[in-house]
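>>> I would like to see how this sequence folds:
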Amino acid sequence: MAYEPKNDIQVAFLDGIEEVFSTLLCNHVLLYFLDEESTEVNSIYGETTKKKYLEPYELIAKVTYDHPKGSDPVETVTRTAQFRIPTKQFLTLGIPFLQEADWERMRKAKLVYEGTEYLVDTIKPSTLVADIWQFLEFTATEAKKDSISR
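Down below sits the predicted model:
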């Protein structure tokens, strides 16, 4: 069920933050939700090696990520990234985001930024104004290239 802002203050803050992000930031991110019906899960361990995802949602986000360097030239390093996304985008797209169950669904998702796939580790709401969160902050880890199918 989609959330509807309850008063003018909520609408004003949501619209203002959305405008700032849309105008100043051009970091386009794709959010793919896990297709839980099509993904095969091991009945014993509850794990899967081949995940299937639904069609993506395009979002604008503030993205910060690290570029770790290994000491050995052949060493594999894993990047992590933080994605700060205004909740107004979830409202506009009709994506539920207020309940723990909504965040659990998002924790199973992946984000794609500049061609790199990231698996969501944590989600944290931030900046509460007039009883509505203004942002969701995703922390994610770079996905192994051979473990994801679209």
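>>> Tell me which helix or strand comes right after the helix or strand of the chain with the lowest mean pLDDT.
The weakest-scoring helix or strand in the chain, judged by mean pLDDT, DSSP states H and E, is helix 8-24 (a mean of 69). Remark: after helix 8-24, the chain's next helix or strand is strand 28-32, criterion DSSP states H and E.
>>> That next one packs against which elements?
Judged by 3 or more CB pairs under 8 Å, 6 or more residues apart in numbering; DSSP states H and E, strand 28-32 is in contact with strand 57-60, strand 110-113. The way it works is simple: take the backbone N, C-alpha and C, and place the C-beta from them, glycine included.
>>> among these, which is nearest residue 15?
Of all the helices and strands packed on strand 28-32, strand 57-60 sits nearest to residue 15, with 14.0 Å by CB to CB.
>>> pLDDT of the closest one, averaged?
The average pLDDT within strand 57-60 is 94.
>>> Any regions of the chain where pLDDT drops low?
Scanning the chain for pLDDT under 70 picks out 1-6, 11, 13-14, 17, 20-26, 42-47, 49, 67-77, 145-150.
>>> how about the strands in it?
Ranges of strands within the chain are 28-32, 57-60, 62-65, 80-86, 110-113, 116-129, 132-142, based on DSSP state E.
>>> which secondary structure elements does the second one contact?
Put plainly, it is strand 57-60. Counting by 3+ CB pairs under 8 Å, 6+ apart, strand 57-60 packs on strand 28-32, strand 80-86, helix 87-93.
>>> Report how many residues lie close to the residue nearest to residue 90 when sequence neighbours are not counted.
Residue nearest to residue 90 in three dimensions, not counting chain neighbours: residue 97, with 4.3 Å by CB to CB, 6 or more residues apart in numbering. Residue 97: 20 surrounding residues under other CB atoms under 10 Å.
>>> going forward can the numbers begin at 163, since that is how I track them
Shifting the count to begin at 163 puts that one at residue 259.
>>> so what's residue 259 up against?
Residues near residue 259 by CB atoms under 8 Å, 6 or more residues apart in numbering: 165, 249, 252, 253, 265, 268, 295, 298.
>>> With respect to residue 189, which of these is nearest?
Of those, the one sitting nearest to residue 189 (CB to CB) turns out to be residue 298, at 14.7 Å.
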